[in-house]
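Novice: Quick check, what structure comes out for this input:
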Amino acid sequence: MEISACWHNGRVVDSDAASPSIASMSLHMGLAVFDGMMAYGNGAAFHVLRKRKHVERLVSGASNLGFAPRYSVDEISEAIDALLEGLDPHETYYIRPIAYRGSQHLWLTEIDDVPVDLAIIAAPAVRNVDAGLRMQVSRYQRVSSAAMPVQWKTAGSYVNSYLCRQTAAADGYDDGIMLDDRGRLAEASAANLFLIRGETVLTPALNGDVFPGITRGLVLDLADTLGVELVEQALYPSDLTTADAAFIGSTLLEMRPIDEVGGVRLNSSENVSWSRLKSAFRDVTASPSGMV
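Specialist: As a prediction, this is how the structure comes out:
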């Protein structure tokens, strides 16, 4: 992925200027907090979907981990706008802010005096929202919030996502669906999961081990607006075999239908409830004022 633009500690710079030290604790231990959002270009300007919610989550997660950025939510939002000023508004970009300790420090002790850096990068987003996905139930369990709080997008916790995605690819699938420590459906490697049974949309309840995704929240809002029944509940692998359709939702993947789970075919792309939600989602992403 080519980086189109980078903002680092107060100014737009070449992306190489924002590199952490090879001796950075964030590089060695995954001690960083990031977020991701989509900037949709409409030809004249950018619409950053739910920008403030994303920035607030970044600041909250970083602060809880002891990485409080030196910039406020408003200042980070303004930095994102400054970064987008030099980019083509006919394109769509993925925006990733990250708070980390980039200077030389290898130890877990005596870190309070190590400065927290903030970088924001923009990269072209390849949108392929109509392509159906082939998925498997992963052999890797979703990391428990008892071990690492899942509501913070902590860099180190995404090793779990990496293992899920890589083993799925090795087995010939696009992605995996992870279970929690009780055998319940949790989520895909980096996306929330939704099933459709009849005219009802089902999604794993936020039990502490399911990531409270911002796109997940948008799907709930869209279902409410459309009058589509959406139920949050405990779901199990057997529910995958009785579903009429399924899809995932995340910032980068947006909303994608699932055509197969472990050899079981699903007619997700033709499902009426899916089509209504997908159309509503596209309306929101195209609108500068849509459901911010």
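
Novice: Just the helices from the stretch 101-250 of the chain, written as ranges.
Specialist: In the stretch 101-250 of the chain, the helices defined using DSSP state H, counting those that start in this stretch lie at 158-170, 214-226, 237-242.

Novice: Would you convert these into a markdown table that also reports mean neighbour count, distance to Gly30 and mean pLDDT?
Specialist: Every C-beta, even on glycine, is put in place using the N, C-alpha and C of the backbone. Below are the helices of the stretch 101-250 of the chain laid out as a markdown table (neighbours: other Cβ atoms under 10 Å; distance: least, Cβ to Cβ, whole Å; pLDDT from 0 to 100):
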| stretch | mean neighbour count | distance to Gly30 | mean pLDDT |
| --- | --- | --- | --- |
| helix 158-170 | 17 | 7 | 97 |
| helix 214-226 | 18 | 22 | 96 |
| helix 237-242 | 13 | 29 | 94 |
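
Novice: Those: which one's closest to Glu85?
Specialist: Closest of these to Glu85 is helix 214-226, at 23.8 Å (criterion: Cβ to Cβ).

Novice: can I get the CA coordinates of that closest one in CSV?
Specialist: Output of helix 214-226 as CSV, limited to C-alpha atoms (Å, rounded to 0.1, in the frame of the first residue of the first chain):
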residue,chain,number,x,y,z
ILE,A,214,-18.2,2.1,14.5
THR,A,215,-19.3,0.5,11.3
ARG,A,216,-21.2,-2.0,13.4
GLY,A,217,-23.0,0.9,15.1
LEU,A,218,-23.8,2.4,11.7
VAL,A,219,-25.4,-0.9,10.6
LEU,A,220,-27.5,-0.9,13.7
ASP,A,221,-28.6,2.7,12.9
LEU,A,222,-29.4,1.8,9.3
ALA,A,223,-31.5,-1.2,10.3
ASP,A,224,-33.5,1.0,12.7
THR,A,225,-34.0,3.6,10.0
LEU,A,226,-35.2,1.0,7.5
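
Novice: Show residues contacting that helix.
Specialist: Outside helix 214-226, the residues that touch it by Cβ atoms under 8 Å, 6 or more residues apart in numbering are 49-50, 53-54, 57, 191-192, 194, 201, 203, 228-230, 249-251, 254-255, 276-277, 280-281, 284, 291.

Novice: Mark which of those are buried, thanks.
Specialist: With neighbours counted using 16 or more other Cβ atoms under 10 Å, these contain these buried positions: 49-50, 54, 57, 191-192, 194, 201, 203, 228, 230, 249-251, 254-255, 276-277, 280-281, 284, 291.

Novice: Relative to Leu220, how far out is Ser19?
Specialist: 38 Å (Cβ to Cβ, to the nearest Å).

Novice: For His8, list the residues it contacts.
Specialist: Going by Cβ under 8 Å, 6+ apart, His8 touches 17-18, 117-120.

Novice: May I see the buried residues of the lowest-mean-pLDDT helix or strand in the chain?
Specialist: Lowest on mean pLDDT, DSSP states H and E among the helices and strands of the chain sits helix 25-29, with a mean of 80. Neighbour counts over helix 25-29 (16+ other Cβ under 10 Å) mark 25-27 as buried.

Novice: Stretch 171-180 now?
Specialist: 173-180.

Novice: Just flag the most distant two among those residues.
Specialist: Largest separation among the buried residues of stretch 171-180 by Cβ to Cβ: Asp174 and Asp180, giving 21.4 Å.
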